[in-house]
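Asker: Turn this into a structure:
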Amino acid sequence: MATKRPLYLSLAERLSKDIREGVYPVGTLLPTEAELRARFKLSRHTVREAIRMLSEAGMVSRHQGVGTKVERDRSAPRYVQTLVGVSDLWQYVKDTHRVTLTIRDVLPEAARIGLPGDKPWRMLEGVRHAENGGLPVSWTQVYVHNKYGQVMEDIESQAVPVYSLIEARYGVKARSLRQEISALSIPADIAALLKVTAGSPGLSIVRHYLSEADEVFEATLSIHPGERYRYAMQLDLACGAELSP
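Answerer: Alright, predicted model coming up:
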């Protein structure tokens, strides 16, 4: 079943499209929040979140007592990854293209991201670039359990997530995804590949993919430059769930 896209993201994309097509030219004002709420039948929070996204993209600016001014008809070179469900990882693959640097075998302890076992994992190292501007958006290492290492033969010819290639070739289905996000200063060697200054701020994202048998069969490490990458995630609460203070 397809995951429903957040309403604020849909509105931001609609307004961005209108700006690019000249419905709201550079230098003019967007409709007010009240007008957008009435037109699209959305909540105040949804409208404000959409405007915030456009502001962070550098397309608009807010002015107290004046309104929201259109500053440019193209977003600043920043990739926004929105994760509502695992299926949204497909969109990231579609929106970017990978340049492979190397494929080799790596011992679990050498990976430093908690890989299980004592046999080498097959590892692909590469850099992903945004399709819209060509700028690097991440340096990535993809680790595949040695039992499924031959899937690396399919990676270059298939623009789909690796876990789906493993499912297609071996029948191993992803049951869950563990993710850890942390801030870091980007090391000099990786900064050179990402075309940013050594030591500049970035995000490190480690993901472990677990099978229905609770086995980690794939893991990834991605480092993103903070100046051109934003990560958005929506967590839906169960109705009636109690919240801790």
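
Asker: in a strand, that's where residue 102 is, yeah?
Answerer: Yes: assessed by DSSP: H, G, I helix; E, B strand; the rest coil, residue 102 belongs to a strand.

Asker: how many neighbours does it have?
Answerer: Look at residue 102: counted by other C-beta atoms under 10 Å, it has 9 neighbours. Quick note: C-beta positions are derived from backbone N, CA and C, even for glycine.

Asker: Which residues are in contact with the residue nearest to it when sequence neighbours are not counted?
Answerer: Nearest non-adjacent residue to residue 102, counting by C-beta to C-beta, 6 or more residues apart in numbering: residue 125, 5.0 Å away. Residue 125 makes contacts with 100-103, 139-142, as judged by C-beta atoms under 8 Å, 6 or more residues apart in numbering.

Asker: Where does residue 125 sit, in terms of helix or strand?
Answerer: If you go by DSSP states H and E, residue 125 is part of strand 121-130.

Asker: Please identify the pairing partners of that strand and their relative orientation?
Answerer: strand 96-106 (antiparallel), strand 136-144 (antiparallel) (DSSP bridges).

Asker: rank these by pLDDT, which is bottom?
Answerer: Ranked by mean pLDDT, the strands paired with strand 121-130 bottom out at strand 96-106, with a mean of 92.

Asker: Quick check: buried residues in it?
Answerer: 96, 98, 103, 106 (16 or more other C-beta atoms under 10 Å).

Asker: Next, find the distance separating residue 106 from residue 211.
Answerer: Look at residue 106 and residue 211: by C-beta to C-beta, to the nearest Å, they are 20 Å apart.

Asker: Then residue 220?
Answerer: Using C-beta to C-beta, we find residue 220 at a distance of 15 Å from residue 211.
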